[in-house]
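**Student:** Just the structure for this:
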Amino acid sequence: MQNPTTRLTEWSEGSGCGCKIAPAVLDQILGASGSFSQTDPKLLVGNSHKDDAAVYQVSADLAVINTVDFFTPIVDDPYDFGMIAAANAISDVYAMGGKPAFANAILSWPVEKIAPELAAKVLEGAKKICQRAGIELAGGHSIAAKDPIFGLSVSGTVHPRKIKTNRGAKAGDLLFLTKPLGIGVLATALKRQKITEKDYLNLVDTACRLNAVGTVLGNHEEVHAMTDVTGFGLLGHLIEMAEGAGLSAQIEISKLPLIEGIQDYINQFIFPDNTYRNWNAFSPKTKGVTGMDLVKLCDPQTSGGLLIAVAEENRAWFEEATRLQNQVVWEIGKFLDRAEAVVEVA
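**Tutor:** Numbering: from 1, shown residues only. This is a model prediction of the structure:
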């Protein structure tokens, strides 16, 4: 871990996906703007169900996916920032079961205060991840502003009948996660200059892993629903899945995968402020959470894993399919018929 003279994280109050607008405020904005009202029949997935990307049908066997995702620095190293931001944006296409095609960059940079050479490093990092995903960083748009911000608009493709949304789960489905939790905790430790070299490497490694298995899983009807875990934490995105399907979910806190070392930071009360924002938004729909377990559930993830609903009878097939893709998965719970609580933690 380098000690840069310019600490990018000092330029933002929030960082990564933790700088998202609060869920209740976002609903207010979208509702007042009429953004939930969409009538084009070719818009197969729009804004009405809080999905990861928009999907527009072009022909009987082709639909185009488009997403945009950007945020303030989550790490100080500009190259690492570019890699994480790119992996996070591309993940939205994977979460829809699609294949990324190309990306455009979104860059805001205070050029009079932070060297333009550092912005170039951000783009280099993003290009590295795009190459890893097999796509081009084709262009983009930049502005001079007071806050450094970076992200991508990513386009991809999917068959109209193979789209995976966040609302297709069925009662009895098993719930799997493809990355351990704790990115927000480690990012906060970094911002407070408390992180160790080993934990920093774990942060970057986890956040830069591509959720490319989503493209493969999109071809299989045994997978009923997918979404990626980002700024609203595991709990927030699970609630979106359960409510979208008219179900409830049960998860086992002991089965949640955690990035090595994050418990030490949680014990020191080192975690993002927006963890509490998420908890305040989602706790009325939840039961069974005790003590500081809320941090594991509500920690804002940046470039988090895929949350996947799979029919229970297809457990063996799913585990073998992901093994063949060298994708580690953790079974963390299941979907149930709708109960009083949307999510019950056991």
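
**Student:** those strands in the stretch 201-346 of the chain, which residues are they?
**Tutor:** Applying DSSP state E, counting those that start in this stretch to the stretch 201-346 of the chain gives strands spanning 223-228, 247-251, 286-287, 306-310, 330-337, 343-345.

**Student:** Among those strands, which comes closest to Leu175?
**Tutor:** strand 330-337 (4.4 Å; C-beta to C-beta). To be clear about C-beta, it is placed using only N, CA and C from the backbone, and glycine gets the same treatment.

**Student:** can you give me the angle the closest one makes with strand 306-310?
**Tutor:** 50 degrees (axes from the mean of the first three to the mean of the last three C-alpha atoms, to 10 degrees).

**Student:** next one: phi and psi at the residue most central in space within the chain?
**Tutor:** Centroid-nearest residue in the chain, with C-alpha atoms, centre = their mean: Thr230, separated by 3.1 Å. Note on Thr230: its backbone torsions stand at phi -130, psi -130 [degrees, to the nearest 10].

**Student:** so how far is Gly214 from it?
**Tutor:** Using C-beta to C-beta, to the nearest Å, one gets 14 Å for the distance from Thr230 to Gly214.

**Student:** any shared contact partners between these two?
**Tutor:** Common neighbours of Thr230 and Gly214, using C-beta atoms under 8 Å, 6 or more residues apart in numbering, are Ser91.

**Student:** the strands in the stretch 51-200 of the chain, which residues?
**Tutor:** Going by DSSP E, counting those that start in this stretch, the stretch 51-200 of the chain shows strands at 54-59, 62-71, 99-109, 136-144, 149-158, 174-177.

**Student:** wait, isn't Leu181 in contact with Thr302?
**Tutor:** No. In terms of C-beta atoms under 8 Å, Leu181 does not count as a neighbour of Thr302; the distance is 11.5 Å.

**Student:** is it true that Tyr56 touches Gly46?
**Tutor:** No. Applying C-beta under 8 Å as the test, Tyr56 and Gly46 come out as separate, 9.0 Å apart.

**Student:** what's the distance between Glu117 and Tyr79?
**Tutor:** 11 Å.

**Student:** Likewise for Arg161?
**Tutor:** In terms of C-beta to C-beta, Arg161 sits 40 Å off from Tyr79.

**Student:** more neighbours, these two?
**Tutor:** Neighbours per residue (other C-beta atoms under 10 Å) separate Arg161 from Tyr79, with Tyr79 holding more: 19 against 9.

**Student:** Now for the more buried one: which residues touch it?
**Tutor:** Tyr79 neighbours (C-beta under 8 Å, 6+ apart): Lys121, Val122, Glu124, Gly125, Lys128.

**Student:** Backbone dihedrals for the residue lying closest to Lys287 once chain neighbours are set aside, please?
**Tutor:** Once flanking residues are discounted, Lys287 sits nearest to Ala341: 4.2 Å by C-beta to C-beta, 6 or more residues apart in numbering. For Ala341, the backbone dihedrals (degrees, to the nearest 10) come out as phi -90, psi 140.

**Student:** Pull out the buried residues from stretch 339-346.
**Tutor:** For stretch 339-346, burial by neighbour count (16 or more other C-beta atoms under 10 Å) applies to Ala341, Val342, Val343, Glu344, Val345.
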